[in-house]
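Visitor: This is a predicted model, with the sequence first.
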Amino acid sequence: MADKQFVKEIADINVDFPQWYTDVVLKTQLVDYGPIKGTMVIRPYGYAIWENIQKELDARFKATGHQNAYFPMLIPQSLLNKEAEHVEGFAPEVAVVNVAGGEKLAEPCVIRPTSETIICSMYSKWINSYRDLPLKLNQWANVVRWEKTTRPFLRTSEFLWQEGHTIHAIREESLAETLDMLHLYHDFARDVLAMPTFIGQKSEKEKFAGAEATYGMEAMMLDGKSLQAGTTHHFGQKFSKAYDIQFLDKDSKHKYVWQSSWGVSTRLIGAIIMAHGDQRGLVLPPKVAPIQTVVIPVAAHKAGVIEKAAEIAEVLKSCGIRVELDVRDQSPGWKFNEWEMKGVPVRIEVGPRDIEQGVVTFSRRDTCEKATMPINGIAKSVAVLLDDIQTKMYEKSLAFRDSHVKLAHNMDELGKVLDDKCFAKVVWDKNPACEALFKEKFQATVRVMLDEKPFQNVCACCGHKSDDLVVALVARAY
RNA sequence: CGAGGUGUAGCGCAGUUGGUAGCGCGCUUGGUUCGGGACCAAGAGGCCAUGGGUUCGAAUCCCGUCACUUCGACCA
């Protein structure tokens, strides 16, 4: 139910952004807290967003030659332990099952924090020849990571995600896959989530436990902080050596496979909320909105109003638009606020005045502008409107982001840029000591931008010259 | 794990110097309404987080525990 109090509370989105976020996800009924701390229950309205994300992403995976599969949730501890860096990275946050069927297990098993280990162990059985490669699998699953502090969607003890795991005969191919998927995520965020992102490489310190290189996609939230919205990893042969995934190549030699993995999670829903939301609540991009258009009869007791509203809803539905007819016994204004809070992109009002003139009144959620459109050809008009909202939302986000990215030539400038709630681009010599300083002084993380030329000849942090200067994105992150 | 904050009706909160429980929203029923959060009437709903003290008497004072939450450190 809509909540009058809530609308007052969220009136100023900038006062306490994290609190605004938490209120929005709870009060728009996307999620509820689970009985175990740090877990969330995804309610139907929230889950429908995830389903739309899944559908769109899955189509893109299939189109690039990936197949879906499923691997067990429980993993023998010994299996997890095979790759040293991987264990070390995940050990603090795995949940372990010691008892099952009323008896203590001979070997404890862990609940997957990610599935590299189980998938690699199967790959080693399945792969014999270069003819078996490449193998490009994806899994839609839940994983458990016992995080210290949690927040709905952004960090929960259990979350839903997809994890792709591919193996290849040659290094160039697995590396290309890693970068291709990074770009696939980037395009997906742009086209479906209406969200511009930066793609870049993570530092040695921040890369995935067991990876040779980790890449990330960073989205800018409305408070100027960064949210990692997806990652891809290049494993090289680290896992294939640990799990013995070998194939017989054309030259009759046994070789280890080259491997990539990549994933996005329900965190994307959090990203949508914090990148597009406003004082009234959610603003959902039409492509992921569970309800794209809500039809609200006005003065519903008058003859013919409900019938006309139902007829319009039916027309829209038959044209593939996700539509809801709201005939609940509430005042129109109440419904307007409720659906605005829930982020429905287009609202259509059908009242006696409209019907008389052969039009409907509509309001678009992204701008809250109100106008009328003819009932004739309404399905086409709404489809065009939804496309326009999708486009405008991206343009708005892009403009916001571009105006919040600034160059910083030294540490003083960097501090100012970050305090200004902006992302900074700096030139960096890749020295871990500088990275540590970014973190210590500004609580900021770095991503190495791909294909960008340094705009000065010294590191912004230490001032040293170097042959290996890169442009890095420095931001405070969630 | 460190520092704050909060636990009273489904939600948001009052509750005075200790005297046995209130408000708003929501919910139920009936009626009138309906173009930006309508109105009237009648209802239902509480072991005041929990364990111990102090007291004739505790939501209120004291000590402990637990839960939630915000900010740090760690991570998708």
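Guide: Received it, and whenever you're ready, just let me know what you need. Residues are numbered from 1 along each chain as shown, chains lettered A, B, ... in the order given.
Visitor: Where is the longest helix in chain A?
Guide: helix A:378-402 (DSSP state H).
Visitor: do that helix and RNA strand B meet at all?
Guide: No. Using CB under 7 Å from any atom of the strand, helix A:378-402 never reaches RNA strand B; the gap is at least 13.8 Å. From N, CA and C alone the C-beta is placed, and that goes for glycine too.
Visitor: Stretch A:282-298 too?
Guide: Yes. Applying CB under 7 Å from any atom of the strand, one finds stretch A:282-298 touching RNA strand B at A:Val298.
Visitor: Need the distance between the two termini of that stretch.
Guide: Terminal residues of stretch A:282-298 are spaced 24 Å apart (CA to CA, to the nearest Å).
Visitor: what does the average pLDDT come to for that stretch?
Guide: Mean pLDDT, computed over stretch A:282-298, is 97.
Visitor: same deal with stretch A:382-402?
Guide: 97.
Visitor: Can you give me the neighbour number for A:Ser331?
Guide: 9 (other CB atoms under 10 Å).
Visitor: List the contacts of the residue nearest the centre of chain A.
Guide: In chain A, the C-alpha nearest the mean C-alpha coordinate belongs to A:Leu268, at 2.1 Å (CA atoms, centre = their mean). Counting by CB atoms under 8 Å, 6 or more residues apart in numbering, A:Leu268 touches A:Ile53, A:Ala189, A:Leu193, A:Ala229, A:Gly230.
Visitor: That one is in what secondary structure piece?
Guide: If you go by DSSP states H and E, A:Leu268 is part of helix A:267-276.
Visitor: Report the distance from that helix to the chain centre.
Guide: 7 Å (CA atoms, centre = their mean, to the nearest Å).
Visitor: Could you export that helix as CSV, CA atoms only?
Guide: What follows is helix A:267-276 as a C-alpha-only set of coordinates in CSV (Å, rounded to 0.1, in the frame of the first residue of the first chain):
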residue,chain,number,x,y,z
ARG,A,267,22.5,-5.8,-7.3
LEU,A,268,21.5,-4.4,-10.7
ILE,A,269,18.1,-3.7,-9.2
GLY,A,270,19.7,-1.6,-6.5
ALA,A,271,21.6,0.2,-9.2
ILE,A,272,18.4,1.0,-11.1
ILE,A,273,16.9,2.4,-8.0
MET,A,274,19.9,4.6,-7.0
ALA,A,275,20.6,5.8,-10.6
HIS,A,276,17.0,6.8,-11.6
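Visitor: Near RNA strand B, which residues of the stretch 201-350 of chain A? Just list them.
Guide: A:206, A:208-209, A:216, A:228, A:231, A:263, A:265-267, A:280, A:298-301, A:329-338, A:340-341, A:347, A:349-350.
Visitor: Go through those and flag which are in strands.
Guide: A:Gly216, A:Gln228, A:Thr231, A:Gly263, A:Ser265, A:Arg347, A:Glu349, A:Val350 (DSSP state E).
Visitor: Of those residues, which is the most crowded?
Guide: Among these, the one with the most neighbours (other CB under 10 Å) is A:Val350, at 29 neighbours.
Visitor: Is that one in contact with A:Thr293, as I believe?
Guide: No. Applying CB atoms under 8 Å, one finds A:Val350 not in contact with A:Thr293, separated by 11.9 Å.
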